[in-house]
Each structure stands twice: as structure tokens, then as C-alpha cells.
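*Asks:* 3D, please:
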Amino acid sequence: MSLHLVRDLEALKQLLLGACAVVEKSVALAVRALETQDAALARQIIDADDEIDALEVRVEEEALKLLALYQPVAVDLRWIVSAIKINSDLERIGDLAVNIAQRAERLAGIPPPRAKLDLGLMAEKALAMLRGSLDALFNMDSALAWKVCESDDEVDALNRENYDRVREALLAVPEDVDFLIQALGVSRSLERVADHATNIAQDVIYMNEGHIVRHRRQPPGGEGAPVKA
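*Replies:* Numbering: from 1, shown residues only. A predicted model of the protein is given here:
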């Protein structure tokens, strides 16, 4: 392998990991703004979205440059193609963080509804999946990536529960409609964050093993099966 390719691949990896850190922080702060009803913090996240967009463009440009300059094959080609896909998922997660922040800004100062929604637990699980997928990317850890994939059903179930609770609450206390509709939007955004975290985890497995696992939730052989390093 060319020493120049090794150097430029490492530079791309560091750039992608930097984007990961920015996106993870954005989601975590958006959730905090929602929980604390902090409109100022929510506005900071919304205003910072341009940074994530610029990072996405830079990562894609660098990846395409490597494809054009070196025409890599095998593992290197797999890594670059996966980096482009992960970069796209990161940008979408950044957009979802902005969506949560916008809703947090609208909800600031509004008393919560009488119906209990489990947004806190859902946010915790979605964030854990995001962090797990990024840790799997950083460490090239297929086993951790599979665990992220297996967690997606839990977040989907919580989103369905929140939908049912909002529907019941709208019938029981219709005056809470504004808060409930915004909360349902947050639930949907968190479910999408989990979906994109799953996409990233699947790409990590592809990077490591060369297998496309888009339609699987568990490693071959089922839960607890050994995963090839």
C-alpha cells in the first residue's frame, strides 16, 4: 500500500471521528435542552447546524479525492465507501438534533401535560445506541456494533408506546394538544436517531467483515454467537 494512501486514509478517519464527536454532542445537548426546557441552549444547537453541514461536505470531498487519486481496492475501498455512508448518517443525525432542539425551544416554559410520556428513557436508549455505534467505529468493534443493531427494537417499541399515550391523552385532555404534538415529534426524531445509529453499526460490520448485514439484527447463529474480528 502507498505510504501516501496510508497517510490520507488516517487523515480521513480522524476527520470522520471529529464529525462523530460534534454530532454526538449536538444530540446530547438537544436532549438536555428538552429536559431542562432551556430555550437558549436549544437555540445554540440550531445555530450550530452549519458546522455539521460543513463537516459533512469536507469528509465527502476528502473521501472522493482518495477514490480518484488512488483507486483503492479490497479493504481500503470498503472503508472509504463505508465512511461516505456513515458521513451521510451523521449529517442526518445532526438534522434530527436540530429538530429536537426546535421542539425544545417551542416547549420552553410550557407546563408538561398530565399524561406521562417516556421521552427520558427513549432519549437515554437512543443516545446509548449512537455512542455505541461511534465507539464501534472508533475501535472497529464488530461485537459492539451487533449489540447496537440488536437494541433498535427497544427504541421502536418505546416510540410506539409514546404514540399510544399521546393518542389517549389527546382524547382525555385535548387542551394539552400543543405540548403532546411536539413531544410526539421528539419521540419520532429519537427513533430516527436510533435508526441512523443502527446504519452506522451495520457499516462498521461491513468495514470489518465485508458482509452486508442491513436486514439482520443479530450476528449469524443468533444472539451470543461469536463475531469474527
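
*Asks:* Low-confidence bits of this protein, can you list those?
*Replies:* 1, 215-229 (pLDDT under 70).

*Asks:* Would you map the helices across it?
*Replies:* 3-36, 39-47, 49-70, 74-107, 119-139, 142-172, 177-209 (DSSP state H).

*Asks:* Deepest-packed of these, please.
*Replies:* helix 177-209 (a mean of 22; mean count of other CB atoms under 10 Å). In short, each C-beta sits where N, CA and C put it, glycine included.

*Asks:* Tell me what angle it forms with helix 3-36.
*Replies:* Helix 177-209 runs at 160 degrees relative to helix 3-36, counting by axes from the mean of the first three to the mean of the last three CA atoms, to 10 degrees.

*Asks:* hmm, what's the outermost residue in this protein?
*Replies:* In the chain, the greatest distance from the average C-alpha position (CA atoms, centre = their mean) is reached by residue 172, at 33.9 Å.

*Asks:* Compare the helices of the chain and give me the one nearest residue 113.
*Replies:* helix 177-209 (5.0 Å; CB to CB).

*Asks:* same for the closest one, what does it pack against?
*Replies:* Counting contacts by 3 or more CB pairs under 8 Å, 6 or more residues apart in numbering; DSSP states H and E, helix 177-209 is packed against helix 74-107, helix 119-139, helix 142-172.

*Asks:* just how off-centre is that helix within its chain?
*Replies:* Offset of helix 177-209 from its chain centre (CA atoms, centre = their mean, to the nearest Å): 6 Å.

*Asks:* Cheers, nothing more for now.
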